[in-house]
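Asks: build me a model from this:
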Amino acid sequence: MELTTKRCLIRQLKMNDADDLFQVLSDADVMQYIEPVFDIEKTRDFIRSAGLCEPPLVYAIEWKMTGKVIGHAIFHPYEKNDYEIGWVLHKDYWGIGIADEVTKELIRYARVLGAESCVIECDERQTASKRIAMKNGFLYEDKTDKLERYRLML
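Replies: Numbers count the residues shown, from 1 in each chain. Below is the predicted model of the structure:
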């Protein structure tokens, strides 16, 4: 899969993306509601296990202007005929519409694949993620522990 937004390329991760992705996954602010920060070896393991598996669970988000990986997109089959959508971005790219841009492109691609719906899961404290979900027509579905699920019927 290779998708293009106005400012980003969503593409398969490569092992040589590890240093760029480490800059994202080692940041405590970025990982606050996700999991403990990654070291470089955990970043490489993540690329191998989630990005280089078949089918991939996550994809690189590359800033087209520089070729630098600024985060990763989550996109994979979820339950039946639906896809999970998500993103983890370097904090220098927060608040400028990148997550919304990526979300819109992943929704478009899920439609091309014939999906019935898309799902976004996020920690209940992730207000920006919830705002992006609602902005794109996702509706609150349920909550397990602190994880909320939003669904968009396609």
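Asks: quick one: neighbours of Trp94, just the number.
Replies: 14 (other C-beta atoms under 10 Å). Any C-beta I mention is one placed from the backbone N, CA and C, and that applies to glycine too.
Asks: in contact with it, which residues?
Replies: For Trp94, the contacting residues are Ala128, by C-beta atoms under 8 Å, 6 or more residues apart in numbering.
Asks: what comes into contact with the longest helix along the chain?
Replies: The longest helix of the chain (DSSP state H) is helix 98-112. Residues outside helix 98-112 that contact it (C-beta under 8 Å, 6+ apart) are 1, 3-8, 10, 61, 70-71, 73, 75, 82-83, 85, 87, 89, 118, 120, 128-129, 132-133, 135-136, 152, 154.
Asks: can you rerun that using 6 Å?
Replies: Contacts of helix 98-112 with the rest of the structure, by C-beta atoms under 6 Å, 6 or more residues apart in numbering, involve Leu3, Thr5, Ala73, Phe75, Tyr83, Ile85, Trp87, Leu89, Cys118, Ile132, Asn136, Leu154.
Asks: most widely separated two among these?
Replies: Across the contacts of helix 98-112, the longest distance by C-beta to C-beta is 24.2 Å; it joins Leu89 and Leu154.
Asks: so for the two, which sits in the more crowded spot?
Replies: Counted by other C-beta under 10 Å, Leu89 and Leu154 do not tie: Leu89 has more neighbours, with 21 against 17.
Asks: is it true that the more buried one touches Ala73?
Replies: No. The criterion here is C-beta atoms under 6 Å, and Leu89 misses it with Ala73 at 9.3 Å.
Asks: CA atoms of the strand ranked longest in the chain as CSV?
Replies: Using DSSP state E to define each element, the chain has its longest strand at strand 68-77. Only the C-alpha atoms of strand 68-77 are listed here, as CSV (Å, rounded to 0.1, in the frame of the first residue of the first chain):
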residue,chain,number,x,y,z
LYS,A,68,11.6,12.1,6.9
VAL,A,69,9.3,9.6,8.7
ILE,A,70,7.2,11.6,11.1
GLY,A,71,5.2,8.8,12.6
HIS,A,72,3.2,5.8,11.7
ALA,A,73,-0.4,5.1,10.5
ILE,A,74,-2.4,2.2,11.9
PHE,A,75,-4.4,0.5,9.2
HIS,A,76,-5.4,-3.2,9.3
PRO,A,77,-8.5,-5.4,9.3
